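S.K.: Dropping the sequence and predicted coords here.
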Amino acid sequence: MADKSKAIPFLPQPPNLVGIPGERGFDPLGFTNWIPVTYLQEAELKHCRIAMLAVVGWIVPSFFTLPGEMHQVSSIAAHDAAVGFGGMQQILLWTSLFEILSVVAIKEMLEGSGRAPGYFGFDPLGFAKTPEKMTELQAKEIENGRLAMLAFSGICTQAVLFGSDFPYLS
């Protein structure tokens, strides 16, 4: 009898997910059977990292604001203010540039360069001194990133529904 998925116990364990950091056996539609797993990992890590930054970026302005008229808005109204002041065009420009540059790394990874998904060799403080520690940190990053994706969805929904910023006490 085949092993069962940890996430969905009545489905079989997806064979392409075994040994991946943060793996919980969740692939009910079988995407890992026809899309390269490394590409899916790269996309998930990118979304996780953006969500972790977004959670911090939503909460911090509730406690600290920068000087200037453009920064004196709530997190809910920040998008419209940034469009009005031209900040969104800069975000689009720089994000597009980084995406274009990351295509080269993803292409090389898919062609078998040996580059791990989401790894750009950036560890200036040397946290991952051993392969075991690296695997542990990768699992923590993906799990906290998944939490951040859900948290950001909840933060946005609650802020818009109730019309107040973090910590939503008013």
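M.R.: Sure, I can see it.

S.K.: low-scoring pLDDT stretches of the chain, where are they?
M.R.: Scanning the chain for pLDDT under 70 picks out the ranges 1-2, 168-170.

S.K.: can you pull the buried residues of the longest helix seen in the chain?
M.R.: When the chain is parsed with DSSP state H, its longest helix is helix 131-162. By neighbour count with 16 or more other Cβ atoms under 10 Å, helix 131-162 contains the buried residues Met134, Gln138, Glu141, Ile142, Gly145, Arg146, Ala148, Met149, Ala151, Phe152, Ile155, Ala159. C-betas here are computed from N, CA, C, even on glycine.

S.K.: Surely the last one and Ala78 touch.
M.R.: No. Counting by Cβ atoms under 8 Å, Ala78 is not a contact partner of Ala159; they are 10.7 Å apart.

S.K.: Now the spatially most central residue of the chain: closest residue in space, sequence neighbours ignored.
M.R.: Centroid-nearest residue in the chain: Cys48, 1.2 Å away (criterion: Cα atoms, centre = their mean). Among residues not flanking Cys48 along the chain, Gly145 sits closest, at 2.2 Å (Cβ to Cβ, 6 or more residues apart in numbering).

S.K.: The chain: helices as residue ranges?
M.R.: Under DSSP H, the chain gives helices at 37-59, 78-85, 87-110, 131-162.

S.K.: Looking at the ones you listed, which is nearest to Gly118?
M.R.: Evaluated with Cβ to Cβ, the helices of the chain place helix 37-59 nearest to Gly118, the distance being 3.5 Å.

S.K.: What residues of that closest one count as buried?
M.R.: Result for helix 37-59 [16+ other Cβ under 10 Å]: buried residues 37-38, 40-42, 44-46, 48, 50-52, 54-55, 58.

S.K.: And for stretch 117-125?
M.R.: Pro117, Gly118.

S.K.: any idea how far it is from the chain center?
M.R.: Its chain's average C-alpha position is 15 Å from that of stretch 117-125, according to Cα atoms, centre = their mean, to the nearest Å.

S.K.: can you check stretch 156-170 too?
M.R.: Taking Cα atoms, centre = their mean, one finds the center of stretch 156-170 at 22 Å from the center of the full chain.
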